[in-house]
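1. next one to model:
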Amino acid sequence: MKSVKQKWDDHPQFIIRPRLPQFPGIFDLPADTCIASHAPHEHITEHLHDHLYHMHIRYGFELPNQTLRGIDKLSLHVAMMVKVDHRVDCNPVFVARGKGYEGICLKMAGQDIHWTPDERVGEKATKLFAKTGRKVPKGYYFAGFSTSSMDERSVYEYNREDLLRAIGNGLVADQHFQATWKKPVKKEIEPYDVVIYLGDSVTEYHTFFRLPVVVPIGAF
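-> Okay, the predicted model is just below:
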């Protein structure tokens, strides 16, 4: 009989590890800030909801050097546990700060990484969360997304070569989202902790982590 370690080693894995955001200043967010609410403000390139009351959801992540053995292609998955009154939209992945409050986007397969809403990812996150004895609290849900085509209308899968070129000897980047009211409300969103799910369309590897409104010393 195979050990648990051997069982996991036999399966393809796309390893992604959460960490604190690496690039302060993008969208006017200071260092080590994962959650922040803003009122409407001037336009910033790639900012989706600067004209609305919105809550920023931000984390950093690392893709360590890996072989991607057994993986031909996959789409990336992300889901965030937010209040049922809120909807979420995704920004491209940023690898550096640009001019002013702008970010410089990571390119994979020659294009910026885009996301499309995917209910299946939200359902998958909910089930995996429950497998460890945890339940989504009443009044919350997992909003799920898959990587998408540039027009954000269909799921996009990256092939192994595209992934290996992007990861190289290791990749560190920041991911931003914005939560807004489902029904337009002229009221700031009170910041709250958000649980994030990261996974993919092929492997069993996945992770959950909590983004706190105030980051404790030693986090991530």
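2. which SS state does residue 67 fall under?
-> coil (DSSP: H, G, I helix; E, B strand; the rest coil).
3. buried set for the host helix or strand of residue 125?
-> Using DSSP states H and E, residue 125 sits in helix 119-131. By 16 or more other CB atoms under 10 Å, the buried positions in helix 119-131 come out as 121, 122, 124, 125, 126, 128, 129. Bear in mind the C-beta positions are built from the backbone N, C-alpha and C, glycine included.
4. what do you get for stretch 66-84?
-> Going by neighbour count (16+ other CB under 10 Å), the buried part of stretch 66-84 is 68, 71, 74, 75, 76, 77, 78, 79, 80, 81, 82, 83.
5. in the protein, which helix or strand is least confident?
-> helix 4-9 (a mean of 52; mean pLDDT, DSSP states H and E).
6. continuing past it, what's the next helix or strand?
-> According to DSSP H and E, the helix or strand after helix 4-9 is strand 17-19.
7. check what contacts that following strand and list those residues.
-> 59, 60, 61, 62, 63, 64, 172, 196, 198, 207, 209, 220 (CB atoms under 8 Å, 6 or more residues apart in numbering).
8. can you say which of the residues you listed are buried?
-> Using 16+ other CB under 10 Å as the burial test, the contacts of strand 17-19 include 59, 60, 61, 63, 196, 198, 209, 220 as buried.
9. in its sheet, what does the helix or strand the third one falls within sit against?
-> In the assignment (DSSP H and E), residue 61 maps to strand 54-64. In its sheet, strand 54-64 lies beside strand 17-19 (antiparallel), strand 35-38 (antiparallel), strand 170-181 (antiparallel), with partners assigned from DSSP bridges.
10. and the last one, C-alpha only, in CSV?
-> The one in question is strand 170-181. Taking C-alpha atoms only, strand 170-181 is exported to CSV below (Å, rounded to 0.1, in the frame of the first residue of the first chain):
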residue,chain,number,x,y,z
GLY,A,170,10.6,31.2,-9.6
LEU,A,171,7.9,33.8,-10.0
VAL,A,172,6.6,36.3,-7.4
ALA,A,173,3.5,38.5,-8.2
ASP,A,174,0.5,40.3,-6.7
GLN,A,175,-3.1,39.6,-7.5
HIS,A,176,-5.8,42.3,-7.0
PHE,A,177,-9.6,42.1,-6.9
GLN,A,178,-12.3,44.6,-6.1
ALA,A,179,-15.6,43.9,-4.4
THR,A,180,-18.5,46.2,-5.0
TRP,A,181,-22.2,46.3,-4.1
